[in-house]
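Peer 1: The following block contains a protein sequence and its predicted model.
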Amino acid sequence: MDDTDGIAIVRLGPDDASDGLVLSTETHWNQNEADWRFFLTTGIVFGVRDAGGQLVATAALLPYSSGNAWISMVLVTENWRRRGLATKLVDTCLNVATRQGLTCWLDATPAGAGVYGPLGFTPTLQLRRLRLAHPEPAKAGADASPATGDLVQLLARDLGAMGFDRGPLLAEFAGRPGSRLLSNGDAVALVRDGRTARHIGPLFANRADRALALVEVIVRSETGPLLIDAVHVQEAFLTGLTASGWTIERPFQRMRFGRATAKPTEQPFAVAGPEFG
């Protein structure tokens, strides 16, 4: 008998944002409370509490358009790991998705990919998370402010890259305090707050040098640590980032459960984050 048999899986609500943040902070993830509130108000989040009422595990299903959804925030506190909780919670998300006819996606760590593969997920593209701990400030007299980007343009390019609409997500990101929607010619990117670092993404451009130029302008207009989740096949972009002082922290494997619903028309240079796609 599994030692988690009989454990109650419950649906969480907006009031659970602070408890969720405790879990993701324990794992050193970059989500902040605004991220949790988005999941808890827009998505379907399941959790497990211990006998004392402490939240010990979560998993989220975030529906998008055209029959797609993202699974993320699969978290288990340290002393409850290796008991099958993560698998049970992901199965719960998949059961809901199956009833609603949704194709599920997720971005897995290498350890997670080993769990999701046997559940029926198949790999698609790969990502690399990079960090710039100490952005170089702009030189005195230099114009370090990129142009303000166009949300309509960002949404159109994101639709082409994903194959489905994520307008509510990106509009919510862009409207948060501290968020910046920036452009440089044909390149456009969103920069938003995280718990420990600002996050760049999604980022679209027609060429790698245009994408790198926009990142450079962003870096010179920021003062704290930065993260970016770059698409692995964009080799020139990755090479340019590492040559500029960015360090690769970890890989992610994008995986899909179910049939592909649309064929993307372009490849992003960086994504919105492994928890959002």
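Peer 2: Arrived safely, thanks for sending. Numbering: from 1, shown residues only.
Peer 1: drop to CA atoms for contacts and neighbour counts, all remaining ones
Peer 2: Noted.
Peer 1: Tell me the confidence at G141?
Peer 2: We have a pLDDT of 54 for G141.
Peer 1: How many neighbouring residues does G52 have?
Peer 2: 6 (other CA atoms under 10 Å).
Peer 1: ok, and the closest non-adjacent residue to A262?
Peer 2: G163 (5.1 Å; CA to CA, 6 or more residues apart in numbering).
Peer 1: Can you tell me how far the one you found is from L155?
Peer 2: 11 Å (CA to CA, to the nearest Å).
Peer 1: Bridged to R11, which residues?
Peer 2: F46 (DSSP bridges).
Peer 1: What is the neighbour count of the residue nearest to A262?
Peer 2: 19.
Peer 1: check contacts around F237.
Peer 2: Going by CA atoms under 8 Å, 6 or more residues apart in numbering, F237 touches 208-209, 211-212, 269.
Peer 1: go again using 6 Å as the cut-off
Peer 2: If you count contacts by CA atoms under 6 Å, 6 or more residues apart in numbering, F237 has them with A208.
Peer 1: Sticking with it, tell me its helix or strand.
Peer 2: helix 235-243 (DSSP states H and E).
Peer 1: And that helix, how far out from the chain middle?
Peer 2: 20 Å (CA atoms, centre = their mean, to the nearest Å).
Peer 1: Likewise for stretch 229-236?
Peer 2: 15 Å.
Peer 1: Which positions in it come out as buried?
Peer 2: 229-232, 234 (16 or more other CA atoms under 10 Å).
Peer 1: pLDDT on it, on average?
Peer 2: The model assigns stretch 229-236 a mean pLDDT of 98.
Peer 1: who's in contact with it?
Peer 2: So stretch 229-236 is contacted by 126-129, 269-271 (CA under 6 Å, 6+ apart).
Peer 1: Just the buried residues of stretch 229-236: which are in helices?
Peer 2: Within the buried residues of stretch 229-236, membership in helices is found for no residue, as judged by DSSP state H.
Peer 1: and the closest residue to T223 other than its chain neighbours, which of the three is it?
Peer 2: Leaving aside its sequence neighbours, T223 sits nearest to P135 (CA to CA, 6+ apart; 6.1 Å). Here P135 takes the coil state, with states given by DSSP: H, G, I helix; E, B strand; the rest coil.
Peer 1: low-scoring stretches of the stretch 101-250 of the chain, by residue?
Peer 2: Applying pLDDT under 70 to the stretch 101-250 of the chain picks out residues 138-145.
Peer 1: Just checking the distance from the longest helix anywhere in the chain to the centre of its chain.
Peer 2: The longest helix of the chain (DSSP H) is helix 85-100. What separates the centre of helix 85-100 from the centre of its chain is 19 Å, taken as CA atoms, centre = their mean.
Peer 1: Pull out the buried residues from that helix.
Peer 2: Neighbour-count burial for helix 85-100 [16+ other CA under 10 Å]: 85-90, 92-94, 97.
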